[in-house]
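> when you get a sec, could you give me coordinates for this:
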Amino acid sequence: MFRRLRYPAKMGQVMKKIVVFLLLWLCFGTGCAVTVTDLKETDKDKGRDKGNVQVKVKEKKSPIAAIKEKEPQVRSKVIDIPKETDKSSSVKPLIIALRDKDPFVRKSVTEKLGRIGDPQTVEPLITLLGDEDTFVRETAADALTKIGEPAVKPLISSLKDKNPEARRAAADALGKIGDNRAVKPLISSLTDTDIWVSKSAAAALGKIGDPQAIGSLIAIIRGEASLFRKAAADALGRINNPRATEQLISVLGENSSWVRKSAATALGNIGEPAVEPLMAALGEKSSRVRQAAADALGKVGSPAVKPLLSALNHENKYVRQAATLALGRTGDARAIEPLIAALKDKEVFVRGTAAMVLGEIGNKRAVEPLISTLEDENRDVRQTAAWALKTLGYHSYEEEVP
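As a prediction, the model looks like this:
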């Protein structure tokens, strides 16, 4: 930081001394270093001004000094420790700063500790998992994730913390680390009294991918706590184990359409082994399940195209509609011509779905067939065709729909 001070020639040396004295007095208690350089008087300036006094104030790099400052912005400078600084000397003041009253400082310091990755910071960071500030908690969990293996045991212990926020953050961190030692404790957390902790535990088990969690996750999908059924189903999809596939297929027969929908979504994550049961789910009475199965088959992609093309000729109108939707989700070029043909299906909602997905795919081959569909007997189909044409870049047809 530089300050330029000008003064009349008559007060020259006196003003210099006063200025330097004041600056030294002001900086004495704040951890500043002051250097003063006198710029010589030039012949040009002689008789009018004295030269300038240039004062350069440098902030010290001492983290201890920064921690003692009153302003949080200054205290947060503790994170500016140079990378080349020895870890053992830089971590101690950072750990002290974790107790700072300002959440911005705690968050900033926590981020720095995560980058350093020193195992001795694990326990102090664990205490922040229950911090009152959401961002501090999340940053602490991320920092522990970066530290990795040394943080696993303390995080497992935190799954039994009295504070539900701490338990939830611990589950999230364990899922990201992916250590199998956390599987059994996380399975126990599936029945936590706090529903959000249970949800985080399910997601963590999916990330770790250990098959021993399959039975417990299936039990959740079949249970009453609908809030985190999706998390359990997603976890099973991530595990991608033949046993998980079999269990999810069996869940497709459950009474609850929400449970069947979750199972269909998870099967979509599993991929090709799930194509056959998902094709069967296209014929479900529940539109919710059919929609989920279609989306899942679309996610499977290329392996699902051939059976979906066959399903376009199915006698069940709901199967035809769901197959049309799923083919659109795959984005496969093989689906274009069959979808164009579906514009002439005898069922209104099949024709409308075909027009919609052709617009979403965006292939120009669909333009002429969609223009012809503007003459469809059903107004909803005509409007959907106009929308698809607009999506393809043909805006004028939208105004012509009667």
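> now do the end-to-end distance for stretch 91-111.
12 Å (Cα to Cα, to the nearest Å).
> what residues of that stretch count as buried?
Neighbour-count burial for stretch 91-111, counted by 16 or more other Cβ atoms under 10 Å, picks out 91, 93-95, 97-98, 100, 103, 105-111. C-betas here are computed from N, CA, C, even on glycine.
> could you point out which element follows the helix or strand where Val319 lies?
Using DSSP states H and E, Val319 maps to helix 317-330. For helix 317-330, the following helix or strand on the C-terminal side (DSSP H and E) is helix 336-341.
> what mean pLDDT does that following helix get?
Predicted confidence along helix 336-341 averages 92 (mean pLDDT).
> please apply the same query to stretch 208-220.
89.
> got the domain ranges for this structure?
1-60, 62-208, 210-298 (automatic domain parsing).
> ranked by average pLDDT, which of these falls at the bottom?
Among the domains of the chain, domain 1-60 scores lowest, at a mean of 47.
> for Ala341, give its distance to Asp161.
As for Ala341, its distance to Asp161 is 60 Å (criterion: Cβ to Cβ, to the nearest Å).
> between the two, tell me which one has more neighbours.
Asp161 (18 against 13; other Cβ atoms under 10 Å).
> what's near enough to touch the more buried one?
Shown in contact with Asp161 (Cβ atoms under 8 Å, 6 or more residues apart in numbering): Leu129, Gly130, Arg167, Ala170.
> can you classify it by secondary structure?
coil (DSSP: H, G, I helix; E, B strand; the rest coil).
> how much space between it and Arg167?
Distance from Asp161 to Arg167, by Cβ to Cβ: 5 Å.
> what does Leu113 give?
Taking Cβ to Cβ, one finds Leu113 at 21 Å from Arg167.
> and those two? Which one has more around it.
When neighbours are counted by other Cβ under 10 Å, Leu113 and Arg167 differ, and Leu113 comes out ahead with 29 against 25.
> hmm, that one is touching Thr121, no?
Yes: in this structure Leu113 lies within contact range of Thr121 using Cβ atoms under 8 Å: 4.7 Å.
> what touches both of the two?
Val91, Leu94, Ile95, Ala143.
> how is the third one assigned, secondary-structure-wise?
Put simply, Ile95 is helix when judged by three-state DSSP.
> gap between it and Ile116?
For Ile95 relative to Ile116 (Cβ to Cβ), the value is 11 Å.
> hey, what's in contact with both of the two?
Counting by Cβ under 8 Å, 6+ apart, nothing touches both Ile95 and Ile116.
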